[in-house]
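Chemist: Could you work out the structure for the sequence below:
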Amino acid sequence: MRYSTTAKTKISSMKCCVVFDSKGNIQHVHRVVTLEGAPQASDRDVAQRALSLAKERGLDTSKLDVVSVDPNLFEPNAEYRVDVKKKSVVRVDSSPSKGKVSRKKKPVSSSRKKR
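Modeler: Reported below is the predicted structural model:
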């Protein structure tokens, strides 16, 4: 997701956390955009807020985990899940093959350059 501002204030950082269940299903994505001059949220604060918002949505957070990811990782209309063992987000390929849906995990780099 790309962000821009209409004023002279620039974006100083973007952070993103994914809340997921034991099977790797993503339950909530939380993004934080910080403008120049505003205090920076720590990764821990962002993760705690992600879990808090998930709980407000009625999710049982005692059964969920959270991982920080590159905020530019997600592509529109793509499906993702978490590789629970590696604690990394992977893109799921949903291409039809003879009437069946193939769900191959494609690792997604979380080291993209921030703009």
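
Chemist: Name the residue closest to the centre of this protein, please.
Modeler: Val18 (4.0 Å; Cα atoms, centre = their mean).

Chemist: quick one: contacts for that residue?
Modeler: Taking Cβ atoms under 8 Å, 6 or more residues apart in numbering, we find Val18 in contact with 26, 28-30, 50, 66-67, 69, 82, 89. For the C-beta atoms, the positions are set from N, CA and C on the backbone; glycine is no exception.

Chemist: Next: Lys23.
Modeler: Val84 are the contacts of Lys23 under Cβ under 8 Å, 6+ apart.

Chemist: hang on, the earlier thing: and the pLDDT at the residue nearest to the centre of the chain?
Modeler: You'll see Val18 listed with a pLDDT of 97.

Chemist: Can I get the helix or strand containing it in PDB, CA atoms only?
Modeler: Per DSSP states H and E: Val18 is located in strand 11-20. C-alpha atoms of strand 11-20 as PDB (Å, rounded to 0.1, in the frame of the first residue of the first chain):
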ATOM      1  CA  ILE A  11       6.300  10.400   5.700                       C
ATOM      2  CA  SER A  12       9.200   9.400   8.000                       C
ATOM      3  CA  SER A  13       8.300   5.700   8.400                       C
ATOM      4  CA  MET A  14       5.800   3.000   7.700                       C
ATOM      5  CA  LYS A  15       5.400  -0.200   9.800                       C
ATOM      6  CA  CYS A  16       3.200  -3.200   9.300                       C
ATOM      7  CA  CYS A  17       2.200  -6.200  11.500                       C
ATOM      8  CA  VAL A  18       0.300  -9.300  10.600                       C
ATOM      9  CA  VAL A  19      -1.900 -11.100  13.100                       C
ATOM     10  CA  PHE A  20      -2.300 -14.800  12.300                       C
END
